[in-house]
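*Asks:* Sequence plus the predicted model coming up.
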Amino acid sequence: MKLCRLMVFMMLAGAFGACTVHNVQRSEPLDREAKWAILPVANLAEIPMAGENIESILDNALRIRGLVDLQPQAALSQTGGTLILDDRQRYEQVLKKARQENVRFGVTGAVHEWRYKTGLDGEPAVGLTLQVIDLPSGRVLWTASGAKTGWGYSNVSGTAEKLVAELIEGLVLQ
């Protein structure tokens, strides 16, 4: 009987979504009307451009959350046609320009996983860390990390969108 209940529970749990793990540091409310910027997201995954994918997803998710003045990372990374491939160098260059433009808060992070798992279903798996930085002081004001897997019919970017939305729910804006 216990085994039967356990199996029913596991089937129901599986019916409502894939595995998600979150760790969110709560912060004081941050000013949604301040000048915000998307800073480069480090790509620690094996897939090229995963950081840039998260930057794009973050831009959309933060606008949905009501940020009034959000500078996309691409607008801050104009280098006169020079492509910067080094994540750290690109981060420092964008950070410098954001500070010159009096941006108050920067959103950055790192992608740890961006792939399809091996096996019959090939479920998408995403893992990332996000941070909000007070640019004048350099202090990290908020941070969140999470991992999420989807189902075999899901895709990685859709799974990432859901994870980003879940993580920034913990970002308190006023």
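*Replies:* Everything's here; your move.

*Asks:* low pLDDT regions in this structure?
*Replies:* Within the chain, the stretches with pLDDT under 70 are 1-19, 73-85.

*Asks:* mind listing the helices for it?
*Replies:* 2-15, 50-64, 73-76, 87-100, 156-168 (DSSP state H).

*Asks:* Minimum distance to Tyr116: which of those helices has it?
*Replies:* helix 156-168 (6.7 Å; Cβ to Cβ). C-betas here are computed from N, CA, C, even on glycine.

*Asks:* Show me what the closest one is packed against.
*Replies:* Under the contact definition 3 or more Cβ pairs under 8 Å, 6 or more residues apart in numbering; DSSP states H and E, helix 156-168 sits against strand 20-25, helix 50-64, strand 105-116, strand 124-134, strand 139-149.

*Asks:* circling back to that earlier point, redo the helices of the chain as a markdown table? Include mean neighbour count.
*Replies:* Formatted as a markdown table, the helices of the chain follow (neighbours: other Cβ atoms under 10 Å):
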| stretch | mean neighbour count |
| --- | --- |
| helix 2-15 | 9 |
| helix 50-64 | 20 |
| helix 73-76 | 18 |
| helix 87-100 | 16 |
| helix 156-168 | 20 |
